[in-house]
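Engineer: pasted the sequence and its predicted model underneath.
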Amino acid sequence: MSRTLILVRHGQSEWNLKNLFTGWRDPDLTAKGREEAKAAGEGLKQAGYEIDLCFTSALKRAQHTLDIMLEEMDIKNMTIVRNQALNERDYGDLSGLNKDDARVKWGKEQVHIWRRSYDTPPPGGESLKDTAERVLPYYKAMIEPLVLKGKTILVAAHGNSLRALVMHLEKLTPEEILKREIGTGIPIIYQFDENGEVTSVSGI
C-alpha cells in the first residue's frame, strides 16, 4: 500500500521578486513561478505519481501553483480542498514592506529575530510556532488520516506552513527547522508506514 504525501511550496510570487514580506497578502505568481509549477507537475508526472486528493491554502499563489501542476499532470476533475489553515505565516505589520526597508526601520538584528526565531512574532503577526499551532491540527485531522488509508495526497502551500509540517514529519528541533530552506516549486515526497511514521523522504 502506498501512503504518500507530496509537499510543494508555491512558485515564485510577484512579491518574492520584489523582496517584500508577503504573509497573508495575496499576490500572484510571476512568469518564473508559473514555470516552476509546470516543472514540478511535469516531474511528478514523469515519476508516475497518481494523486488522489489535493489540499492548498486560501491564497492564490498556492492555488495557481496547484492548478498548473495538475494541468501538467493531465489531471482533471480533481477534488481540491482550500483552507486558510495552510496559509503562509502572517507577517503582521511587516506585510507589504520591503525587507531592506524593514531593516532600516527596526534594525537588522530585530528583523532577523522576527524572521528566523521560532517563537518571536513580528508586531501583529505570527511566529513559526504560531503557524505550526494552526497547521498541525489541520494536518492531523484532515490530511494524515487519508495518507494512512493509502491515499497519495498533494499539498501546495507556503514556505512557513510547509516548514511547520516538515518539522513535525522529520522530528526536527526548532533550531534545525529554522535552517531548513523550502525551495519554490520543488516537491518533497514522504512515504509512511502503517503507524504514520515516515519511512522515506525524497525529491524528483
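Structural biologist: Done, it's in. A quick note: this is a predicted structure, and the numbers were derived from the prediction, not measured.

Engineer: contacting residues for L169?
Structural biologist: By CB atoms under 8 Å, 6 or more residues apart in numbering, the contact set of L169 is L5, Y190, V198, V201. All C-beta spots, glycine's among them, are computed from the backbone N, C-alpha and C.

Engineer: distance of it relative to D101?
Structural biologist: 35 Å (CB to CB, to the nearest Å).

Engineer: what ranges do the strands span in the protein?
Structural biologist: Using DSSP state E, the strands of the chain run over 4-9, 53-56, 80-82, 152-157, 188-192, 198-202.

Engineer: report the mean per-residue pLDDT for the last one.
Structural biologist: Per-residue confidence for strand 198-202 averages out to 95 on the pLDDT scale.

Engineer: repeat for the first one
Structural biologist: For strand 4-9, the mean per-residue pLDDT is 98.

Engineer: next: the fifth one.
Structural biologist: Per-residue pLDDT values over strand 188-192 give a mean of 98.

Engineer: ok, and what's touching stretch 173-185?
Structural biologist: If you take CB under 8 Å, 6+ apart as the criterion, stretch 173-185 is touched by 8-12, 16, 33, 36-37, 39-40, 65, 116-119, 128-129, 159, 162-164, 166-167, 172, 188.

Engineer: what about the helices in the chain?
Structural biologist: Under the criterion DSSP state H, the chain contains helices at 14-17, 31-46, 60-72, 99-106, 108-116, 128-138, 144-148, 159-169, 174-178.
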